[in-house]
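Enquirer: the sequence and its predicted three-dimensional model are supplied below.
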Amino acid sequence: MITSELPTGLEEVDVIIVGGGTAGLIVAARLADTEPQSTILVIEGGSGNYRAPTIVHPALYRANFAQRNTSLMYVSAREENVADRSIVVAAGSVLGGGSSVNGAIYARAQQTDYDAWATKGWSTDELIPFLKKFENFNAQTRGDTHGYDGPTAVSDGRYSCPLLKDDFVSAVEQSGLPQVEDLQDLVSNNAVSAAHRYVSAETGERQNTALTYLHPRLQSGVTKNLIVLVQSQVTKILIDDTKRASGVEFRANPVFGSTTSSSLRTTIKSRRLVVVSAGTLGTPQILERSGIGGSDILTQAEIPVTADLPGVGNGYQDHHMVLGTYNSTLTPAQSVDSVINGALNTTELLATNANILSWNGVDASSKIRPSQEDVAGFKPQLRKVWDQSFANVPNKPLGSLVLVAGVLGDPTAYPKGHQYFTIGCYSPYPRSRGHVHITGPEMGDSLDFKTGFLSDEDGADVQTLAWLYKKQREVAMKMKFQLGPISPEPLFAKGLAVADGKIQYSPDDELANEQWVRENVNTAYHPMGTCKMGPIEEKGVVDSSLSVYGIKGLKVADMSIAPENVSANTMSTALLIGEKAADIFIKELGWGHA
């Protein structure tokens, strides 16, 4: 059942899952399946998502970020390394979490990424069964690392713009990279490929974990032991005198105007486990309000220290992203923006379930490494990072270029009567780190949040993005559909924008590029790492079984546990964490096999 009120008389359950997001709902569904006599409670701060148009239809995904009932907006402090700007990071606040509101881009990490986590049970070879478990891969390629009978459909979708895709692929090939069939096979690199989506080829609907794991179980009537409490915020974990997680305290989410006062606190007990799956920015807050975190942070926030874990809230990572947006000769039918900006009639599209609604605008992407000529031109700081971390690891890309048949942002903010495309560039492995911490005991107290973007000591992160921006510019200038940049560009010398062949940049151009990057870098909405899995002496928060150090019966299962970054959009890794976590918990509980 899904409810906004705790069932009368329910005071204790077997497992409480804090957060009904991408990973949390997988854990809930798998546990409920395995032990029908148990009671599983999910507490989600957001609302239900069933048949919500902006969630069902990928083309409308950007509308979710303007709605308080589907997304949370975390605003960082002003940060000097990004030109004294605040970075706004959106997080899903609805059943399915990020899988309900993101761009539905199908992208997977590289083999070396999970191996770099250096944790027993979490190597790529050990994780491939879980990558396959959630996936129903429906595309022309049939690689043996893909899954073909899981609940989450992956397909080419029911709509695309093949002419723009081919234009981009051709331009990338002219820049020296080959086209491959499957860039998401964990191995392929330094290449370009057609993109797939988390979209059903049959229905055209987004594949979020509420749709694929939760609703079918509840609607079938077979799963009777799973309760989902929505519009409710967990304030803290209850921890008994033996340092065991014994339940949670929660309140009604005031965003939804509940008749129940948000100052009223309710508690419910757990017999076996409490699993925190509130996301990279939410999970550390809950732990810290529960007395789990760095003693200095907790003392300043007037929270008694239950477990001194200085890693909580630290190590914040993301993918640093800059965009090149171009005016084009595309027609409205070739642009995903037309669904939102009025070029097409959205009401009619919804009434007919038009195929364009199943599109996210992303038809191609690439993972790239620099040529020898590129490396020779790197500044010493980036050259050192390249030599140490990339040169001898051919599986690791230095960046990614993603083609979008539209703008990444609000398309109504751009001049009407034109269609645009964007090449998004992000660095997969930035060295900069940030943090998120509470400043007081109440949920309404301000957050101490810094992304740390471009804050690495030697400046290699900004140099990486500057190189990536030049690479996307080189690609765009070779594309037949482009009519010149529409977004502000670095203050390059005149003539660069129309140069034929390889563009030559002066030292002044390079400095202008780096300054522009600092002024325009933004989040890719791929946060991770604030409760990392690893040794406690290395500021780990959870061990390889996702147990929080020092507290029995308390687990974490979301992207906050990732100790190192991955070279892909993070939904695939979040799904993986959900399946792997469920397998771990089921075995520990003695409930049989996942």
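Expert: That came in fine, so what should we check first? Numbering: from 1, shown residues only.
Enquirer: show the pLDDT at the closest residue to Glu564 other than its chain neighbours.
Expert: Sequence neighbours aside, Ala116 is the residue nearest to Glu564 in space, at 4.9 Å (criterion: C-beta to C-beta, 6 or more residues apart in numbering). From N, CA and C alone the C-beta is placed, and that goes for glycine too. Looking at Ala116, its pLDDT reads 98.
Enquirer: what's the answer for the one 10 residues further on, then?
Expert: Reported pLDDT at Glu126 in the predicted model: 99.
Enquirer: that one: helix or strand, and which one exactly?
Expert: helix 124-133 (DSSP states H and E).
Enquirer: how about the helices in the stretch 451-594 of the chain?
Expert: 460-476, 507-520, 571-589 (DSSP state H, counting those that start in this stretch).
Enquirer: packing partners of the first one?
Expert: Think helix 460-476. For helix 460-476, the contact count by 3 or more C-beta pairs under 8 Å, 6 or more residues apart in numbering; DSSP states H and E identifies helix 162-174, strand 320-328, helix 380-389, strand 399-404, strand 419-427, helix 507-520 as packing neighbours.
Enquirer: and Ala252, bridged to which residues?
Expert: Here Ala252 sits in beta bridges with Ser232, going by DSSP bridges.
Enquirer: against Val42, how distant is it?
Expert: Using C-beta to C-beta, to the nearest Å, one gets 16 Å for the distance from Ala252 to Val42.
Enquirer: and the two? which has more neighbours close in?
Expert: Val42 (28 against 21; other C-beta atoms under 10 Å).
Enquirer: what lies in contact with the helix or strand hosting the more buried one?
Expert: In the assignment (DSSP H and E), Val42 maps to strand 40-43. Outside strand 40-43, the residues that touch it by C-beta atoms under 8 Å, 6 or more residues apart in numbering are 10, 13-20, 24-25, 28, 31-32, 225-229, 232, 234, 248, 250, 268, 270.
Enquirer: so what strands line up beside it?
Expert: strand 12-18 (parallel), strand 226-229 (parallel).
Enquirer: what element comes up after it heading to the C-terminus?
Expert: Scanning onward from strand 40-43 (DSSP H and E), the first element met is helix 53-56.
Enquirer: helices of the stretch 201-350 of the chain, start to end?
Expert: 209, 215-220, 283-289, 295-300, 346-352.
Enquirer: would you list those helices in JSON lines and tack on mean neighbour count?
Expert: Formatted as JSON lines, those follow (neighbours: other C-beta atoms under 10 Å):
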{"stretch": "helix 209", "mean neighbour count": "32"}
{"stretch": "helix 215-220", "mean neighbour count": "15"}
{"stretch": "helix 283-289", "mean neighbour count": "26"}
{"stretch": "helix 295-300", "mean neighbour count": "16"}
{"stretch": "helix 346-352", "mean neighbour count": "13"}
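Enquirer: I'd like these as TSV, with mean pLDDT appended.
Expert: As requested, the helices of the stretch 201-350 of the chain are exported to TSV (pLDDT from 0 to 100):
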stretch	mean pLDDT
helix 209	99
helix 215-220	95
helix 283-289	99
helix 295-300	98
helix 346-352	96
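Enquirer: the ones you listed: which one's closest to Glu564?
Expert: helix 283-289 (17.7 Å; C-beta to C-beta).
Enquirer: quick check: Leu576 vs Gly150, distance?
Expert: Leu576 is 11 Å from Gly150, by C-beta to C-beta.
Enquirer: C-alpha coordinates for the strand holding Val42, CSV please?
Expert: These are the backbone C-alpha positions of strand 40-43, laid out as CSV (Å, rounded to 0.1, in the frame of the first residue of the first chain):
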residue,chain,number,x,y,z
ILE,A,40,8.8,-3.7,5.1
LEU,A,41,8.2,0.0,5.6
VAL,A,42,9.5,2.7,3.1
ILE,A,43,9.3,6.3,4.3
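Enquirer: so Ser93 touches Gln67, yeah?
Expert: No: applying C-beta atoms under 8 Å, one finds Ser93 not in contact with Gln67, separated by 9.2 Å.
Enquirer: quick one: average pLDDT of the strand holding Val42?
Expert: Mean pLDDT, computed over strand 40-43, is 99.
Enquirer: next one: it to chain centre, how far?
Expert: 23 Å (C-alpha atoms, centre = their mean, to the nearest Å).
Enquirer: try stretch 340-352
Expert: 28 Å.
Enquirer: cool, and stretch 49-64?
Expert: 17 Å.
Enquirer: check stretch 580-592 too.
Expert: With C-alpha atoms, centre = their mean as the basis, stretch 580-592 stands 25 Å off its chain's centre.
Enquirer: and it, average pLDDT?
Expert: 96.
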